[in-house]
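Peer 1: Sequence plus predicted model, see below.
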Amino acid sequence: MRFRREEDTVSFDDGGMNLLSSAALRELRDVIDDCRADGRMLVFGSGRDHIFAAGADMTEMANFAAADARAFARLGQETFDAIERLPFVTVAIIDGDCFGGALDLVLSFDLRFATPRARFAHPGARLGIVTGFGGTSRWRKALTPPAARRLFLANEILSAADAQALGLVDRVAESFDDELARLAALDPTTTRFVKELARASDRISPSQVALLGGRLGAIYF
């Protein structure tokens, strides 16, 4: 098992570089489905010391035919979409390197907390590949265009401090216990309502907002 779940915490540990292979993505999708069924929050991190994840499994990808590549991209997109659609707060804890597909992964979380040891990069342009996991779409929500260009085009490796300054990371610290405790205490119905509204069109009408709030049991002013 690459992913270990303990209540609202999921740890990624494949015994190596934490590669996002097809098998890893399928296993992660199953874990996310379990979290959706009975979770109140998702805190996702690495079980490895000083590495978050190294991205897609390049050894596996080297043997892909075109159809395999499309299926692999679709699997990553579906898995990360499932994280993005969870009805409660999701937090990625990044300690160490977060490269390539792993960056696509953390962009699907509501919040990104990093230790000072974290580093961020998306080396696709240098490797001659473009991510198929949705990172080039999600960066538009999380990053300014100049920041995205530094990652996706210039292939810069960003420190945790640089990532925070650019808006990729919300917190940089050694420990996040107090912040996670505060997030765990949030009202789940209100959190779900806010996330549903965030995903809705900005043209949603007041009557539609009221209907959505009523369906979820949220109080809306």
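Peer 2: Sure, I can see it.

Peer 1: contacting residues for residue 95?
Peer 2: For residue 95, the contacting residues are 45-46, 50-52, 114-115, 117-118, by C-beta atoms under 8 Å, 6 or more residues apart in numbering. Placement of C-beta: from N, CA and C, glycine included.

Peer 1: And it, how far from residue 150?
Peer 2: Plainly put, residue 95 is 22 Å away from residue 150 if you go by C-beta to C-beta, to the nearest Å.

Peer 1: likewise residue 44?
Peer 2: Taking C-beta to C-beta, one finds residue 44 at 25 Å from residue 150.

Peer 1: what number of residues lie near residue 30?
Peer 2: A count of nearby residues for residue 30, using other C-beta atoms under 10 Å, gives 12.

Peer 1: gap between the host helix or strand of it and the chain center?
Peer 2: In the assignment (DSSP states H and E), residue 30 maps to helix 22-38. With C-alpha atoms, centre = their mean, to the nearest Å as the basis, helix 22-38 stands 13 Å off its chain's centre.

Peer 1: now stretch 185-205
Peer 2: Centre to centre, stretch against its chain (C-alpha atoms, centre = their mean), the figure for stretch 185-205 is 18 Å.

Peer 1: for residue 17, what are its contacts?
Peer 2: Residue 17 neighbours (C-beta under 8 Å, 6+ apart): 48, 51, 53-54.

Peer 1: Where is the longest helix in this structure?
Peer 2: The longest helix of the chain (DSSP state H) is helix 66-84.

Peer 1: So for the helix or strand that it is followed by, mean pLDDT?
Peer 2: Sequence-wise, the next helix or strand downstream of helix 66-84 (DSSP H and E) is strand 90-94. Per-region confidence: strand 90-94 scores 98 on mean pLDDT.
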